[in-house]
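Enquirer: just need the structure, nothing else, for what follows:
(one chain, ligands or ions: 2)
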Amino acid sequence: MEALDYHAEERRKAEFDVEEMKIVWAGSRQAYEISDRVARLVASDPVFRKDNRTMLSRKDLFKDTLRKAAHAWKRIIELRLSEEEASKLRFFVDQPVFTDLHWGMFIPAIKGQGNEEQQQKWLPMAYKMQIIGCYAQTELGHGSNVQGLETTATFDPETDEFVIHSPTLTSSKWWPGGLGKVSTHALIYARLITDGQDHGVHGFIVQLRSLDDHLPLPGITVGDIGMKFGSGAYNSMDNGVLRFDHVRILRDQMLMGVSQVTREGKFMQSDVPRQLVYGTMVYVRQKIVADASCALSRAVCIATRYSVVRRQFGSHNGGPETQVIDYKTQQSRLFPLLASAYAFRFVGEWLKWLYTDVTQRLQASDFSTLPEVHACTAGLKSVTTSATADAIEECRKLCGGHGYLSSSGLPELFAVYVPACTYEGDNVVLLLQVARFLMKTVSQLGSGKKPVGTIAYMGRSEHLLQCRCEVERAEDWLKPNVILEAFEARAARMSVTCAKNLNNFANQEEGFAQLATDLAEAAVAHVQLIIVSKFIEKLQQDIPGKGVKRQLEILFNVYALSLLHKHLGDFVASGCITPKQGALANEQLRLLYSQVHFDNPSLLLYMVLLLERLLQSTSF
Ligand SMILES: CCCCC/C=C\C/C=C\C/C=C\C/C=C\C/C=C\CCC(=O)SCCNC(=O)CCNC(=O)[C@H](O)C(C)(C)COP(=O)(O)OP(=O)(O)OC[C@H]1O[C@@H](n2cnc3c(N)ncnc32)[C@H](O)[C@@H]1OP(=O)(O)O
Ligand SMILES: Cc1cc2nc3c(=O)[nH]c(=O)nc-3n(C[C@H](O)[C@H](O)[C@H](O)COP(=O)(O)OP(=O)(O)OC[C@H]3O[C@@H](n4cnc5c(N)ncnc54)[C@H](O)[C@@H]3O)c2cc1C
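Expert: Ligands and ions are numbered 1, 2, ... in the order given. Take a look at the predicted model:
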């Protein structure tokens, strides 16, 4: 049976309401309709074609990208697209492009760190793209260590200006997207110096190029940093290098929402946490989590279609060979990735709510949830991007030789996606930030301060440190409360063990350095618990549509039990479960794989087809 006939056949046999499943994936009916409408718009517009990308030279690829960005902007204006529709259109254009950083970081930074006057001055020009900005924080010598940045912004009270300067080679700004060729302005993060005193890193809006002839302004040396990983891919982005030679800007070009410098040169730190200067990174990290589910779903879509169509071995009496999807090894590699796409989708929805909530709290000077938001955005960005990058590579391998063809779409998807493990925060560095939050929470347990939110379980650590999972049969692993308690016990025990071991060192810093690997693993356990718990919360909601909730329950169990299987050592070493219970979890997982495939062939195929349908314009 031809692949398309097979799909049509499967469509007829759907065990669940496919239309309602599309709404679940999109997050709401409105979100689905916008996504579907914009996907069709992009897919039907020849200017947005992408099948030639990997054959273009860097120069032609960049010209192609400029053309697409200009056309996208033209269509947004012509069709009067809403901000959500415009964001979707830029997403479906599906090519890293300089405007990503303009919309994704430059504008959010002004909104988050600029005062009212600065927002009124700069945002209208930015929204009309009369200026194009980039986010220039990373330097040749420092990326992770923001407090190590060397670019200086020295206040000159004589002229009421800041002098922006690159004092060393390593202070050269290095990596900012959009910087190499296109941006007219940059949000520069530099050391604020007034009257000889260093006040740490702050944000400054600096014009780089003339709005008349686009040439670099005096004192500005700027260019592209060259080819990056893979052909096509991220090479459509002009990541750049930038050096300043005593460039003067007005005092009001320092973003003054978090701290200020008066006309007299006095530094004023508002009564807000200095970390609000990092707010744009927090914003993008939460968006990256939702982006992970999209990238992962595309890879799974390709690998599943291949697995359903590809036949290899197993022919009897001249009959058809076996579909590779029928092999248990193919299922055990593929189905957890399908389940992860949904898990990341749902935790991304929740993280967007958490971020919106903290933004509203900050407006009321309520900073109480800032530490948790930092830990959640850092941890979820780290765990979901690492898992997604690994998954895209796994999907390539699941497609045999064909997975290595550009035309499969997987090589470029991998090449565009993998820097997500580095940008917006190296994934290990971010896990250590989560670990810092965990250790601080454990250290406060005795103080009577009750942990809340995603770390509330730590308040039940006495129970969790000694509980035993109530699993005697494989099907006991289908109970969400059993799974949740196992993941809570693992996370609590790993954190408490780290906290106890830290006490064996002369000081916290030395202990943290020596135990960094254990701490990072405890952070992963905490973040995976968040993903599992948010999937459970999603299933507790009212989910309309015949059979939809049932299918999602199967995917939840596949996700949670495949994670438990992968990290069985943690669970058994921390005493949460016995080896026998671990074996029962594996047995249940095998049964679930059959359910995903044989009892509900439509589940698998329809998950894939619906994902593909939603991302139709992005198929290669
Ligand atoms: C394809 C391109 C698309 C472009 C994107 C567009 C839109 C997004 C749409 C979709 C997203 C999808 C894809 C693409 C997204 C982006 C890709 C493009 C470009 C990437 C751009 C960049 O990479 S920008 C540069 C990113 N750089 C970093 O992330 C640097 C990482 N380092 C840090 O954040 C910090 O140095 C640190 C946190 C590691 C350490 O900071 P430090 O000041 O030293 O603090 P500590 O001493 O460690 O801790 C002190 C204290 O502060 C707390 N804290 C730290 N950070 C925060 C925070 N952010 N918020 C709140 N609190 C924070 C920390 O917990 C400590 O607290 P305690 O003292 O209580 O323990
Ligand atoms: C495609 C791409 C686009 C980018 N776009 C931008 C942009 O638009 N604007 C911008 O400002 N930046 C941008 N960046 C830069 C990016 O944000 C940094 O590369 C990132 O923050 C990592 O910092 P780094 O390169 O200094 O890595 P490093 O911190 O040097 O990491 C190197 C290694 O050291 C390890 N390490 C570092 N510190 C520690 C520690 N304390 N403990 C344990 N291990 C540690 C890391 O885990 C890693 O294994 C981009 C980068 C890429 C790849």
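Enquirer: going forward, measure contacts and count neighbours with C-alpha atoms only.
Expert: OK.
Enquirer: how many neighbouring residues does residue 399 have?
Expert: Using other C-alpha atoms under 10 Å, residue 399 is surrounded by 22 other residues.
Enquirer: same thing with residue 83?
Expert: 10.
Enquirer: cool, and residue 172?
Expert: Counted with other C-alpha under 10 Å, residue 172 comes out at 24.
Enquirer: give me the low-pLDDT residue ranges for this structure?
Expert: By pLDDT under 70, the weakly predicted segments of the chain are 1-14, 232, 597-620.
Enquirer: so which elements touch whatever helix or strand residue 562 lives in?
Expert: Element membership of residue 562, judged by DSSP states H and E, is helix 548-566. When contacts are defined as 3 or more C-alpha pairs under 8 Å, 6 or more residues apart in numbering; DSSP states H and E, helix 548-566 sits against helix 18-26, helix 328-363, helix 516-539, helix 579-594.
Enquirer: could you redo the last one with a cut-off of 10 Å?
Expert: Judged by 3 or more C-alpha pairs under 10 Å, 6 or more residues apart in numbering; DSSP states H and E, the packing partners of helix 548-566 are helix 18-26, helix 328-363, helix 480-502, helix 516-539, helix 568-573, helix 579-594, helix 601-614.
Enquirer: which of the residues in it are buried?
Expert: 548-549, 551-565 (16 or more other C-alpha atoms under 10 Å).
Enquirer: and what of stretch 47-55?
Expert: By neighbour count on 16+ other C-alpha under 10 Å, the buried set for stretch 47-55 is 48-50, 53-54.
Enquirer: who touches it?
Expert: 41-43, 60-61, 64-65, 67-69, 71-72, 92-95, 230-233, 235-236, 406-407, 409, 411-412, 617-620 (C-alpha atoms under 10 Å, 6 or more residues apart in numbering).
Enquirer: what angle separates the helix holding residue 562 from helix 18-26?
Expert: Interaxial angle, helix 548-566 versus helix 18-26 (axes from the mean of the first three to the mean of the last three C-alpha atoms, to 10 degrees): 50 degrees.
Enquirer: tally of neighbours for residue 185?
Expert: There are 24 residues near residue 185, going by other C-alpha under 10 Å.
Enquirer: now do the same contact list for the residue in the stretch 101-250 of the chain that ligand 1 sits nearest to.
Expert: Ligand 1 sits closest to residue 104 of the stretch 101-250 of the chain, with a gap of 3.4 Å, by C-alpha to the nearest ligand atom. Counting by C-alpha under 10 Å, 6+ apart, residue 104 touches 87, 98, 133-135, 280, 283-284, 287.
Enquirer: which ones among those residues map onto helices?
Expert: Filtering the contacts of residue 104 for membership in helices, criterion DSSP state H, returns 87, 98, 280, 283-284, 287.
Enquirer: on that earlier part again, please check the contacts of stretch 47-55 and keep the buried ones.
Expert: Applying 16+ other C-alpha under 10 Å to the contacts of stretch 47-55 flags 42-43, 61, 64-65, 68-69, 72, 92-95, 231-233, 235-236, 406, 409, 411-412, 617-620 as buried.
Enquirer: the helices in the stretch 1-150 of the chain, which residues?
Expert: 3-12, 18-26, 29-43, 58-78, 83-93, 98-101, 107-113, 116-127 (DSSP state H, counting those that start in this stretch).
Enquirer: deepest of those helices, which one?
Expert: helix 98-101 (a mean of 23; mean count of other C-alpha atoms under 10 Å).
Enquirer: how about residues contacting that helix?
Expert: Contacting residues not belonging to helix 98-101 are listed as 65-66, 69-70, 73, 87, 90-91, 104-108, 129, 132-136, 176-183, 236-239 [C-alpha under 10 Å, 6+ apart].
Enquirer: how about it and ligand 1, touching?
Expert: Yes: applying C-alpha under 6 Å from any ligand atom, one finds helix 98-101 in contact with ligand 1 at 100-101.
Enquirer: in this structure, which residue is most central in space?
Expert: Central residue of the chain (C-alpha atoms, centre = their mean): residue 288, 2.2 Å from the mean position.
Enquirer: quick check: it touching residue 381?
Expert: Yes: counting by C-alpha atoms under 10 Å, residue 381 is a contact partner of residue 288 at 6.3 Å.
Enquirer: specify the beta-bridge partners of residue 139.
Expert: Here residue 139 sits in beta bridges with residue 173, going by DSSP bridges.
Enquirer: what's the answer for residue 222, then?
Expert: Beta bridges link residue 222 to residue 242, judged by DSSP bridges.
Enquirer: what's the burial count for it?
Expert: The burial count for residue 222: 22, using other C-alpha under 10 Å.
Enquirer: report the contact partners of it.
Expert: By C-alpha under 10 Å, 6+ apart, residue 222 lies in contact with 172-174, 179-181, 208-209, 215-216, 240-244.
Enquirer: mind running it again at 7 Å?
Expert: 180, 241-243 (C-alpha atoms under 7 Å, 6 or more residues apart in numbering).
Enquirer: what's the answer for residue 184, then?
Expert: Residue 184 sits next to 131-133, 207-211 when contact means C-alpha under 7 Å, 6+ apart.
Enquirer: and residue 210, how far from ligand 2?
Expert: Residue 210 sits 21 Å away from ligand 2, going by C-alpha to the nearest ligand atom, to the nearest Å.
Enquirer: give the contact list for that residue.
Expert: Residue 210 makes contact with 184, 216-217, according to C-alpha under 7 Å, 6+ apart.
Enquirer: how close does it get to residue 162?
Expert: 19 Å (C-alpha to C-alpha, to the nearest Å).
Enquirer: residue 368 now?
Expert: Computed as C-alpha to C-alpha, the residue 368 to residue 162 distance reads 34 Å.
Enquirer: which one's more surrounded, those two?
Expert: Neighbours per residue (other C-alpha under 10 Å) separate residue 368 from residue 162, with residue 162 holding more: 25 against 11.
Enquirer: helix, strand or coil for that one?
Expert: The three-state label for residue 162, taken from DSSP: H, G, I helix; E, B strand; the rest coil, comes out as strand.
Enquirer: ok, it touching residue 247?
Expert: No: between residue 162 and residue 247 there is no contact under C-alpha atoms under 7 Å: 8.1 Å.
Enquirer: so what sits against both of the two?
Expert: Contacts common to residue 162 and residue 247, judged by C-alpha under 7 Å, 6+ apart, are absent.
Enquirer: what count of nearby residues applies to the nearest residue in space to residue 472 that is not next to it in sequence?
Expert: Nearest non-adjacent residue to residue 472, counting by C-alpha to C-alpha, 6 or more residues apart in numbering: residue 581, 7.1 Å away. Neighbourhood size, residue 581 [other C-alpha under 10 Å]: 20.
Enquirer: how far away is residue 581 from ligand 2?
Expert: Remark: distance between residue 581 and ligand 2 (C-alpha to the nearest ligand atom) = 35 Å.
Enquirer: same deal with residue 86?
Expert: 21 Å.
Enquirer: helix or strand for the closest residue to ligand 1 within the stretch 501-620 of the chain, which one?
Expert: Nearest residue of the stretch 501-620 of the chain to ligand 1 (C-alpha to the nearest ligand atom) works out as residue 509 at 11.2 Å. Under the criterion of DSSP H and E, residue 509 resides in helix 508-514.
Enquirer: in that helix, which residues are buried?
Expert: Buried residues in helix 508-514, counted by 16+ other C-alpha under 10 Å: 511-512.
Enquirer: show me how far that helix is from its chain's centre.
Expert: With C-alpha atoms, centre = their mean, to the nearest Å as the basis, helix 508-514 stands 28 Å off its chain's centre.
Enquirer: let's see that helix as CSV, backbone CA atoms only.
Expert: Included here for helix 508-514 are C-alpha records, laid out as CSV according to Å, rounded to 0.1, in the frame of the first residue of the first chain:
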residue,chain,number,x,y,z
GLN,A,508,30.3,26.5,49.8
GLU,A,509,32.2,27.7,46.8
GLU,A,510,34.8,24.9,47.1
GLY,A,511,32.1,22.3,47.6
PHE,A,512,30.1,23.6,44.7
ALA,A,513,33.1,23.4,42.4
GLN,A,514,34.0,19.8,43.5
